[in-house]
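Undergrad: structure for the following, please:
(chains A and B)
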Number of protein chains: 2
Amino acid sequence: MSQRNETQALDEQSNASKTKATDMSSSPLEQLMTYLHDDMQAVNDTILSEMHSDVPLIPQLASYLIASGGKRIRPLLTLATARLVDADIKQATLLAATVEFIHTATLLHDDVVDESQERRGQKAANLVFGNQETVLVGDFLFSRAFQLMVKTNSVEILRILSNASSVIAEGEVLQLQYQGDMSINWNVYKTIIGAKTASLFAASCEVNGAILKDKDIQKSLSEYGYNLGMAFQIADDTLDYDANQEQLGKTVGDDFREGKITAPILFALQNASDDEKAFWTRTLVEHNINDQDLKTAQDLILKHKGLEQSKQLAREYAQKSSQSIHKIIQKNDNNRELFDMLCVMPEYVVSRLA
Amino acid sequence: MSQRNETQALDEQSNASKTKATDMSSSPLEQLMTYLHDDMQAVNDTILSEMHSDVPLIPQLASYLIASGGKRIRPLLTLATARLVDADIKQATLLAATVEFIHTATLLHDDVVDESQERRGQKAANLVFGNQETVLVGDFLFSRAFQLMVKTNSVEILRILSNASSVIAEGEVLQLQYQGDMSINWNVYKTIIGAKTASLFAASCEVNGAILKDKDIQKSLSEYGYNLGMAFQIADDTLDYDANQEQLGKTVGDDFREGKITAPILFALQNASDDEKAFWTRTLVEHNINDQDLKTAQDLILKHKGLEQSKQLAREYAQKSSQSIHKIIQKNDNNRELFDMLCVMPEYVVSRLA
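TA: From the prediction side, this is the model:
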């Protein structure tokens, strides 16, 4: 309860209690969204006001992506962990907007780098506004994220988020270098997803420990976020080959077409025959892909239990994530409902896999 | 002399005195480089060690541009103003590397945005390493710049440099929006160059006032840098049409080919005939440019005294810049030699125009 007064704390408590109309039949993510509805509203207001610029194209392009219905899982984690450990919620609101800006900036640059056609079910920003505009608005959001962080007056928070940003960029470069490179191994794959995804999940949670100035809580929150991010990314990489997703009308095979070698393929490669290796070389390395190849890739992954094993790997990270949040509740048991939601979140991100 | 001990101060003084072998026949920029030789060496060492990453492509690509012989005028300004006002030189060294990283990141993204062929007399990084790699390494340098700033433990410095970064991005987007748009006016042009160039010049100098915690010095340093940056950019924009540069083997006409409407063209447009307006519309708006058009553009600019008037405009900013540095020497007259060099720097950046 350091650095804030009681009145402020009471206000926050009263706001939080208004949001407790959770529906237990919905997913853990939806429950969390309902529980934190008012807090998220404040984050959304901050996002909207902070993406303003006298240069009209900036809010136009930024809101095109930000308003397109992403899950906002990172800002939600910042808010949820803040409430869990009673960190300053005003700072957490600012930081929740910050992590969403950093995430959005990386998505904009990713779409230029990957020549994306689609993002969140709509035409990618680079196709609507142009590559040049998309790169520069990404730069703006990234700078604006740092301006927002500065408002917390905490060098420690700036350290955490600047480290995460730098690690994300390294992960993106590493991923690009290993595109279509079959020499990639598990270590490299885990380094890439750890850097490009898990590091921002970790930072999104860790900042609240930094606000509290409690190193143990900070470490546990960071581990919770990191392992949740790993589970989330492995699940995402697995869904990209999941025939059930296709039946739901979702695009699959993006990684395959881009030559990104992810968990399901790494499992399929482990015991691949020479013919199978030749198939992966032609498609992933030589980018010589015909209409039937995605189906063949999916069949080979199934044959080698690539989806099952990927799911198991994701589940291992999910378990580590849950263990970390348990360490916090041992120290601070004042918000059991929120704790329960955060505990099941890791399993939930894996359960998206049929 | 706050925040540092006497021994450290003496070490710095002794280092500085070793570098005083200035040759008065050289340009003010060269004199400053000689005077600050040892300090710049420390900055270069910091740049080299801080661009390191476990991902080898990052230092490869970054050093390709950083080692290609830029003038390093921004880090030089940070060091020079630090010595002038006796700011902590270790922090200034860190910040000098920081501003060079921010500048390099923007150059890398600029080259992708402008589809540059050449930068500093060599093939542009995007052509050697690819657009995707160039965008991502730009992101890395930008993040690394923030990691470096955090080491100063000063939220005020982070505020100054995150504001500058955000303003730079806004300027770049505005410039892109007005490419090939003849509705651009002097206000917009000055806003663009103020944002994309002068803001980082200002921040490069202002950070030393922030280190000292002296608001008056901070303001004067910022104004010195800002007006110097304006003079520098107008001079650059003017040189891009200067036939003398062509004779020196330098590329001219980049802005013309990209449809960037800068000071010389704005002057040429002020009293343009209908035929001339039609010429500018065809070339700048419709991008229908033939081999003779650059020569015609240069002739029209000469006819309307576009180079002369641009030089005069640059000189006005140079004078404002000099006035600002005079305000500082009135408060702090302990480094006359350096003061003299900084005083003539604004006039020097304009004198590059024949």
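
Undergrad: CA atoms for contacts and neighbours, from now on please.
TA: Will do.

Undergrad: spell out which parts of chain A neighbour chain B.
TA: Within reach of chain B by CA under 8 Å from any CA of the partner chain, chain A has these residues: A:53, A:55, A:57-58, A:109, A:112-114, A:131-133, A:135-137, A:139-141, A:143-144, A:146-147, A:150, A:153-155, A:158-159, A:162-163, A:165-166, A:169-170, A:172-174, A:176.

Undergrad: neighbours of the residue in the stretch 201-350 of chain A that chain B sits nearest to, just the number please.
TA: Nearest residue of the stretch 201-350 of chain A to chain B: A:E258, at 13.1 Å (CA to the nearest CA). Applying other CA atoms under 10 Å in any protein chain shown, we find 18 residues neighbouring A:E258.

Undergrad: same check, this time on A:H287
TA: Residues contacting A:H287 under the criterion other CA under 10 Å number 15.

Undergrad: doesn't it belong to a helix?
TA: No: counting by DSSP: H, G, I helix; E, B strand; the rest coil, A:H287 falls outside a helix, being coil.

Undergrad: now do the contacts for it.
TA: Listed by CA atoms under 8 Å, 6 or more residues apart in numbering or on different chains, the contact partners of A:H287 are A:G180, A:R257, A:G259.

Undergrad: and those as TSV, adding pLDDT and secondary structure?
TA: Shown next, in TSV, are these (pLDDT from 0 to 100; DSSP: H, G, I helix; E, B strand; the rest coil):
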residue	pLDDT	secondary structure
A:G180	93	coil
A:R257	93	helix
A:G259	93	coil
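
Undergrad: low-confidence stretches in the stretch 1-150 of chain A?
TA: For the stretch 1-150 of chain A, applying pLDDT under 70 flags the ranges A:1-25.

Undergrad: try it again with 50
TA: Along the stretch 1-150 of chain A, the model assigns pLDDT under 50 to residues A:1-23.

Undergrad: residue boundaries of the helices in it?
TA: A:6-18, A:28-35, A:37-50, A:57-66, A:73-85, A:89-113, A:125-129, A:131-150 (DSSP state H, counting those that start in this stretch).

Undergrad: using CSV, write out the CA atom coordinates for the shortest one.
TA: The C-alpha coordinates for helix A:125-129 follow below in CSV (Å, rounded to 0.1, in the frame of the first residue of the first chain):
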residue,chain,number,x,y,z
ALA,A,125,-2.6,-2.1,-42.1
ASN,A,126,0.4,-2.1,-44.5
LEU,A,127,-2.0,-3.0,-47.4
VAL,A,128,-4.5,-0.3,-46.4
PHE,A,129,-2.1,2.5,-45.5
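
Undergrad: which other residues reach it?
TA: A:61, A:64-65, A:108, A:111-112, A:115-117, A:119, A:132-134.

Undergrad: closest to B:T93 among the contacts of A:H287?
TA: B:T93 lies nearest to A:G180 out of these, by CA to CA, at 40.9 Å.

Undergrad: rewinding a little: please convert the contacts of helix A:125-129 to CSV, extending it with distance to A:Y226 and neighbour count.
TA: Converted to CSV, the contacts of helix A:125-129 look like this (distance: CA to CA, whole Å; neighbours: other CA atoms under 10 Å in any protein chain shown):
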residue, distance to A:Y226, neighbour count
A:L61, 30, 21
A:Y64, 28, 17
A:L65, 25, 20
A:L108, 22, 27
A:D111, 24, 20
A:V112, 26, 23
A:E115, 28, 15
A:S116, 26, 17
A:Q117, 29, 15
A:R119, 24, 15
A:Q132, 32, 20
A:E133, 32, 23
A:T134, 28, 28
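
Undergrad: check contacts around A:Y224.
TA: A:A202, A:C205, A:K320, A:S321, A:S322, A:Q323, A:S324, A:I325.

Undergrad: repeat that with 10 Å
TA: A:81, A:198, A:201-202, A:205-206, A:218, A:317-328, A:342-343, A:346 (CA atoms under 10 Å, 6 or more residues apart in numbering or on different chains).

Undergrad: what of A:D181?
TA: When contacts are counted by CA under 10 Å, 6+ apart, A:D181 is found next to A:Q175, A:G259, A:K260, A:I261, A:T281, A:L284, A:V285, A:E286.

Undergrad: among those residues, name the buried ones.
TA: A:Q175, A:G259, A:K260, A:I261, A:T281, A:L284, A:V285 (16 or more other CA atoms under 10 Å in any protein chain shown).

Undergrad: check those and tell me the two furthest apart.
TA: The distance between the two most remote of those (CA to CA) is 17.6 Å, for A:Q175 and A:T281.

Undergrad: what about the contacts of A:Y224, which are in helices?
TA: A:81, A:201-202, A:205-206, A:218, A:317-328, A:342-343, A:346 (DSSP state H).

Undergrad: can you point out the buried residues in whichever strand or helix holds A:Q245?
TA: Assigned by DSSP states H and E, A:Q245 belongs to helix A:243-247. Using 16+ other CA under 10 Å as the test for burial, helix A:243-247 gives A:A243, A:Q245.

Undergrad: hmm, who's touching that helix?
TA: A:L239, A:D240, A:K250, A:T251, A:V252, A:G253, A:K295, A:Q298, A:D299, A:R352, A:L353, A:A354.

Undergrad: now do stretch A:41-55
TA: For stretch A:41-55, contacts defined as CA under 10 Å, 6+ apart pick out A:37-40, A:58-63, A:66-67, A:72, A:75-76, A:79, A:90, A:92-98, A:100-101, A:140-141, A:144-145, A:147-148, B:166-167, B:170-171, B:173-174, B:177.

Undergrad: 8 Å instead, please
TA: Residues outside stretch A:41-55 that contact it (CA under 8 Å, 6+ apart) are A:58-59, A:62-63, A:75, A:93-94, A:96-97, A:101, A:141, A:144, B:170, B:173-174.

Undergrad: so which of these is the most crowded?
TA: A:A96 (32 neighbours).

Undergrad: that one contacts A:T78, doesn't it?
TA: Yes: A:A96 lies in contact with A:T78 (CA atoms under 8 Å); the separation is 5.5 Å.

Undergrad: and stretch A:287-295, how far out from the chain middle?
TA: 29 Å (CA atoms, centre = their mean, to the nearest Å).

Undergrad: give the buried residues for that stretch.
TA: Quick answer for stretch A:287-295 (16+ other CA under 10 Å): A:D293, A:L294.

Undergrad: so for it, mean pLDDT?
TA: Stretch A:287-295 comes out with an average pLDDT of 94.
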